[in-house]
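> here's a sequence, model it:
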Amino acid sequence: MKHELEEHYPLRKAAEILGVHPITLRRWEKEGKIHCIRTPSGQRRFPRSEILRLLGENVPSGRRAVIYARVSSAKQAGAGNLERQRQRLEEYCRSKGYDIVAVIAEQGSGLNEKRKGLARLFKMAREGKMDLVVIEFKDRLARFGYTYIERFFNAFGVRIEVVNGEEP
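I've put the predicted structure just below:
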């Protein structure tokens, strides 16, 4: 029996991955849009394959890119560095034929883990709204821990494309 070996998620976790409210997920289950199993106490457990199937229904074919640009200081942003970085990334995506679904440009330290733009990237990955993140340098995402961020995105089928490799 396949479902016993497969990973199953509780209602709240499954809803978070799908980017919907738990009430919506309950309704989808009642409508037969997604299947789940019940624990002996009656709690829902959603198979990973069902979640991936649902995410796949909402994923148009193509290469949906999110551009992420960041500068550390207001001085850099004021000097136009953020805007020029964004423009370079947009030109790069157009040259590759990517469909730009969002542009996230923010000013904040690469050490700050509470950046709103980075949180938005994570949310979009969980919701299956992108196929790749395009950045100029690895350190635009984070000064440290880049590999952890990359693993997170890969878990949701999102890859990171670094345009210029390592920053000089």
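> where does this structure dip in pLDDT?
1-4, 56-62, 165-168 (pLDDT under 70).
> and the gap between the residue positioned nearest the centre of the chain and residue 164?
Nearest residue to the geometric centre of the chain (Cα atoms, centre = their mean): residue 125, 1.6 Å. With the distance defined as Cβ to Cβ, to the nearest Å, residue 125 ends up 22 Å from residue 164. All C-beta atoms are positioned from the backbone trio N, CA, C, and that covers glycine.
> so the residue in the chain sticking out farthest from the centre is in which element?
Distance from the centre of the chain peaks at residue 40, with 33.8 Å (Cα atoms, centre = their mean). Assigned by DSSP states H and E, residue 40 belongs to no helix or strand.
> gap between it and residue 134?
47 Å.
> what do you get for residue 65?
For residue 65, the distance to residue 134 - Cβ to Cβ - is 5 Å.
> so residue 120 is in contact with residue 104, correct?
Yes. Between residue 120 and residue 104 there is a contact under Cβ atoms under 8 Å: 5.9 Å.
> okay, the two: which has more neighbours?
residue 104 (19 against 15; other Cβ atoms under 10 Å).
> buried residues, stretch 147-157. List them.
For stretch 147-157, burial by neighbour count (16 or more other Cβ atoms under 10 Å) applies to 149-150, 153, 156.
> send me it as PDB with only the CA atoms.
Extracted C-alpha coordinates of stretch 147-157, given in PDB (Å, rounded to 0.1, in the frame of the first residue of the first chain):
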ATOM      1  CA  THR A 147      22.900  26.600   0.700                       C
ATOM      2  CA  TYR A 148      20.000  26.300   3.200                       C
ATOM      3  CA  ILE A 149      17.900  28.800   1.100                       C
ATOM      4  CA  GLU A 150      18.800  26.900  -2.100                       C
ATOM      5  CA  ARG A 151      17.700  23.600  -0.500                       C
ATOM      6  CA  PHE A 152      14.400  25.100   0.600                       C
ATOM      7  CA  PHE A 153      13.600  26.400  -2.900                       C
ATOM      8  CA  ASN A 154      14.600  23.000  -4.400                       C
ATOM      9  CA  ALA A 155      12.200  21.200  -2.100                       C
ATOM     10  CA  PHE A 156       9.400  23.100  -3.900                       C
ATOM     11  CA  GLY A 157      10.900  22.600  -7.400                       C
END
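> longest helix of this structure, counting residues only.
Counting by DSSP state H, the longest helix found in the chain is helix 81-96.
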